[in-house]
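[1] Sequence first, predicted coordinates after that:
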Amino acid sequence: MPENLNTEELSLSDLSRKIAEKYISSVLLVDDNISYNSPQTQSSGIAAEKFIDDFAAKNINACLYLWKNENQIDNILKLVRNNDVSILDWKIGIQKQVAEEDMDKDCPDDGERGFYTKELLQRLIDEQPAVPRLLIIYTEEISEVQNYL
């Protein structure tokens, strides 16, 4: 149990949060839709400044990596290996205009959604034991990710 935590007064949720704040020092987010504008002017995507500020307030270093193409996979894997928590968007590499027009056309030629995220996951699994402490996939397509895993 971490030092200086009075567990008698904390709910399980609060205790979990306190432990995470004590031991997590770095978070990586990989997404293809990161906005460096102020939250008031952005229309969608991850608000970089807010993301970084929210973690900084908890003394956690936050790193954002803007996905542009599959040539970045090796660099992303290096970052994932060196962060306590890595957050991957399920639909990285999907062009926004295509995704808005037709949700079935937002994937590479193999017809599989989550294609690049699956590739990242597979490479991390293949190189065990060098895996991240915590890997989070965020998506609106929960059942698809559950079926894949």
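    Received the coordinates, thanks.

[2] Can you find the helix or strand of the protein with the lowest average pLDDT?
    Using mean pLDDT, DSSP states H and E, helix 96-101 stands out as the lowest-scoring helix or strand of the chain, at a mean of 45.

[3] State the next helix or strand along the chain beyond that one.
    Counting by DSSP states H and E, the next helix or strand C-terminal to helix 96-101 is helix 115-126.

[4] which secondary structure elements does that next one contact?
    If contacts are counted by 3 or more C-beta pairs under 8 Å, 6 or more residues apart in numbering; DSSP states H and E, helix 115-126 sits against helix 73-81, strand 85-89, strand 134-138. (Each C-beta comes from the backbone N, C-alpha and C, glycine too.)

[5] Reformat these as CSV; add distance to T117 and mean pLDDT.
    Formatted as CSV, the helices and strands packed on helix 115-126 follow (distance: least, C-beta to C-beta, whole Å; pLDDT from 0 to 100):
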stretch, distance to T117, mean pLDDT
helix 73-81, 10, 91
strand 85-89, 5, 92
strand 134-138, 6, 87
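
[6] Columns mean neighbour count and distance to E9 on top of those, output as a markdown table?
    Below are those laid out as a markdown table (neighbours: other C-beta atoms under 10 Å; distance: least, C-beta to C-beta, whole Å):
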| stretch | mean neighbour count | distance to E9 |
| --- | --- | --- |
| helix 73-81 | 15 | 36 |
| strand 85-89 | 23 | 26 |
| strand 134-138 | 15 | 26 |
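
[7] can you tell which of these is closest to D53?
    strand 85-89 (16.2 Å; C-beta to C-beta).

[8] rewinding a little: okay if I get the helices and strands packed on helix 115-126 as TSV plus distance to V27?
    As requested, these are arranged in TSV below (distance: least, C-beta to C-beta, whole Å):
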stretch	distance to V27
helix 73-81	11
strand 85-89	5
strand 134-138	9
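
[9] Looking at those, which is nearest to I60?
    strand 85-89 (8.5 Å).

[10] That closest one: partners in the sheet, and parallel or antiparallel?
    Sheet pairing for strand 85-89, assigned by DSSP bridges, gives strand 26-31 (parallel), strand 134-138 (parallel).
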